[in-house]
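Asks: Sequence and predicted structure are below.
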Amino acid sequence: MTDPVIVSVGSSPVGRSELTGRDLFSVALGEAFEDLPAPAEVVEALYVGNQSETYEHQIMQGTLMAEWAGLRNVPAERVEGCAAAGALALKHAVEDVRRGTHDAVLACGVEKMTAGGTGGATDALSAAFDRALEQRSGVTAPSQYALLAQRYLHEYEATEEDLARIAVKNHANAASNPRAQFQSAVDVDTVLGSDYVAPPLKLFDCAPVGDAAATVLVATPDVADDLRSSDDRVRVTGAGSAANNLSVAERNMTFPEGANVAAERAYDQAGIDPVDVDVAEVHDAFTICEALLAEAAGFAPRGRGVESALTPTERSAGWTDVRMSTSGGLKARGHPIGATGILQAIEAYEQLTGQAGDRQVDGADTALLMNEGGVADAVTVSHVVET
Amino acid sequence: MTPEELTPDSPFTLPGFFDALSDGRLVAAVCSCGEVLVPPRTACYACGGRDLELEDQPRTGEIYSYTEVRTAPPAFEDDAPYTVAVVELDSGARLLGRVDADYDAVAIGDDVELRVRDPTEAEREIALSHEQDWPIHVFETV
Ligand SMILES: [Zn+2]
């Protein structure tokens, strides 16, 4: 079977914007189709990852984005899985092309999460928690992840300074990513000196709120041949997803089993092992997530995922040489919820086609993407991308 | 469990679960595999089985993890900062809730007991119509 390929990518800037969701999508689409025929001449279907209709009081994002792309009467739908919505859109596009349902599908993500201010974002994100016991207790996204971090630091030889190093690494990576929301490096003291949002997590352990849209064109190799040289494409060789319980309290809180299952499924389909992965974009909405996902992805031994910011030679035995969150991750590239999974795919595309500039990992030919929705692995979507 | 038995009086439904909780009864569904589900569900996420029985549970347990909410959702702003925790009940079930103690006074492993109270005026304001009389659960250190 021939693997679907990503043949073109585009994104809006990530961060607070005066543009609306559809405008941001126009910006992303403009980049992706800059030197291609119009979408209507290529695209057969469209999926839009979008977290919440509360930001812009707008559902029907499938219809809206198809309309804004000049596509009429194509299959188009919004997919929802909180922050995993973008990767779910990508997975649908990849599976449509792999099965032969369509030859070219646009996978999109869009979020205008600053529309309701901090309170609006806090409230919209809390809808991802169990209504009956969790939402009514007044828990927030940072405090949910703080519960994970607190337990992890209790069980393992790991410290808040270890988590701070992950933030420092991801800010440094973002500083060489023109798409990133944060363009400046920070040091460990700055991270450790920032205010607690929900202890042990501090402001600099948290991804920012931001707006953005992003899109990738997924197509058969034949369609891709008509559009571009074969150097400018990557293959999506594996995809997997897994939903675990909605409440984090009912899950394994020190090892995200759902994320592990999703990654294993993607590895199995691609026929690769964790050690084969050169670069990984994981769901570091909070620094603790990168540590947990390093372990779930099979990159690190249990309890040592916090070493993701160290160079391969500095890491404990059992670690692979993978480079994590080269884009700056959710932490510093930014986390415009529904667009995040697509932004992860764009980083894989740029790394594997040698277009990653100063953050280029030499010889990178295999990438793993892990996009989560709800708290941690309530749902996880993984993709393997190869040259 | 037949569809006819799934009425708002049954703790297998949320209205039934919260009714029992108002009366001080913490009801779980206990699966034949041993898993304890709070609130009760009609299928077990651990084994996939549907052989579950309702059982009253002890309301005591210990802090499994905890933190402090400093920036609260808009509806709870007046309460902040407040402590939330994941508590492992003596039955092995884990659930999240507020702790009626300052963050600095709480540690992993501390014994707690689940209590319930009526929702405040502010909480009733954001409650959905079917949630108006549902009690709020809180863990107290013991
Ligand atoms: Zn069971």
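Replies: That came through, no problem. Numbers count the residues shown, from 1 in each chain, chains lettered A, B, ... in the order given.

Asks: Show the contacting residues for B:L95.
Replies: Counting by Cβ atoms under 8 Å, 6 or more residues apart in numbering or on different chains, B:L95 touches A:L133, A:S247, A:A249, A:E250, B:V38, B:V86, B:V87, B:L89. Where C-beta positions appear, they are placed from N, C-alpha and C, glycine not excepted.

Asks: Out of those residues, which comes closest to the ion?
Replies: A:E250 (12.7 Å; Cβ to the ion).

Asks: List the contacts of the residue nearest to that closest one when sequence neighbours are not counted.
Replies: What sits nearest to A:E250 in space, not counting adjacent residues and going by Cβ to Cβ, 6 or more residues apart in numbering or on different chains, is B:R94, at 6.1 Å. With contacts defined as Cβ under 8 Å, 6+ apart, B:R94 is in contact with A:A249, A:E250, B:Y64, B:V86, B:V87, B:E88.

Asks: biggest separation within the contacts of B:L95, which pair?
Replies: Spanning the widest gap among those are A:S247 and B:L89, at 13.7 Å by Cβ to Cβ.

Asks: longest strand anywhere in chain B?
Replies: Among the segments of chain B that qualify as a strand by DSSP state E, the longest is strand B:60-69.

Asks: Within its sheet, name the partner strands of it and how each one runs.
Replies: For strand B:60-69, the paired strands and their directions (DSSP bridges) are strand B:82-89 (antiparallel), strand B:111-117 (antiparallel).

Asks: if we can go back for a sec, need the per-residue pLDDT for the residue nearest to A:E250.
Replies: For B:R94, the model assigns a pLDDT of 98.

Asks: again with A:M1
Replies: Turning to A:M1, the model gives it a pLDDT of 62.

Asks: what do you get for the one 4 residues further on?
Replies: The score at A:V5 is 98. That number is its pLDDT.

Asks: Give the bridge partners for it, please.
Replies: Note on A:V5: beta-bridge partners A:A219, A:R235, judged by DSSP bridges.

Asks: surely it meets A:V216?
Replies: No - assessed by Cβ atoms under 8 Å, A:V5 is found out of contact with A:V216, at 10.1 Å.

Asks: Adding distance to the ion and neighbour count, write the contacts of B:R94 out as CSV.
Replies: Conversion of the contacts of B:R94 to CSV gives the following (distance: Cβ to the ion, whole Å; neighbours: other Cβ atoms under 10 Å in any protein chain shown):
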residue, distance to the ion, neighbour count
A:A249, 17, 25
A:E250, 13, 20
B:Y64, 21, 21
B:V86, 21, 27
B:V87, 21, 27
B:E88, 18, 18
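
Asks: Can you add pLDDT and distance to A:Q351 and give these back as a markdown table?
Replies: Putting these into a markdown table (pLDDT from 0 to 100; distance: Cβ to Cβ, whole Å) gives the following:
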| residue | pLDDT | distance to A:Q351 |
| --- | --- | --- |
| A:A249 | 97 | 36 |
| A:E250 | 97 | 36 |
| B:Y64 | 98 | 39 |
| B:V86 | 98 | 37 |
| B:V87 | 98 | 43 |
| B:E88 | 98 | 42 |
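
Asks: With respect to A:A175, which of those is nearest?
Replies: Nearest to A:A175, judged by Cβ to Cβ, of the contacts of B:R94 is B:V86 at 36.0 Å.

Asks: where along chain B do the helices fall?
Replies: Residue ranges of the helices in chain B, as given by DSSP state H, are B:14-22, B:121-126.

Asks: got those helices as a markdown table, with distance to A:V375 and mean neighbour count columns?
Replies: Putting those into a markdown table (distance: least, Cβ to Cβ, whole Å; neighbours: other Cβ atoms under 10 Å in any protein chain shown) gives the following:
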| stretch | distance to A:V375 | mean neighbour count |
| --- | --- | --- |
| helix B:14-22 | 20 | 19 |
| helix B:121-126 | 21 | 12 |
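
Asks: so can I have CSV of those helices showing distance to the ion and mean pLDDT?
Replies: Shown next, in CSV, are those (distance: least, Cβ to the ion, whole Å; pLDDT from 0 to 100):
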stretch, distance to the ion, mean pLDDT
helix B:14-22, 18, 97
helix B:121-126, 33, 91
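
Asks: buried stuff in stretch A:89-103?
Replies: Of the residues in stretch A:89-103, those buried by neighbour count under the rule 16 or more other Cβ atoms under 10 Å in any protein chain shown are A:A89, A:L90, A:K91, A:H92, A:A93, A:V94, A:E95, A:D96, A:V97, A:R98, A:H102, A:D103.

Asks: what's the offset of that stretch from the middle of its chain?
Replies: The chain centroid and the centroid of stretch A:89-103 are separated by 19 Å under Cα atoms, centre = their mean, to the nearest Å.

Asks: returning to what we had before: of all the helices of chain B, which one is nearest A:L343?
Replies: helix B:121-126 (32.9 Å).

Asks: Does the closest one reach chain A?
Replies: Yes - part of helix B:121-126 sits close enough to chain A to count as contact by Cβ under 8 Å from any Cβ of the partner chain, namely B:E123.
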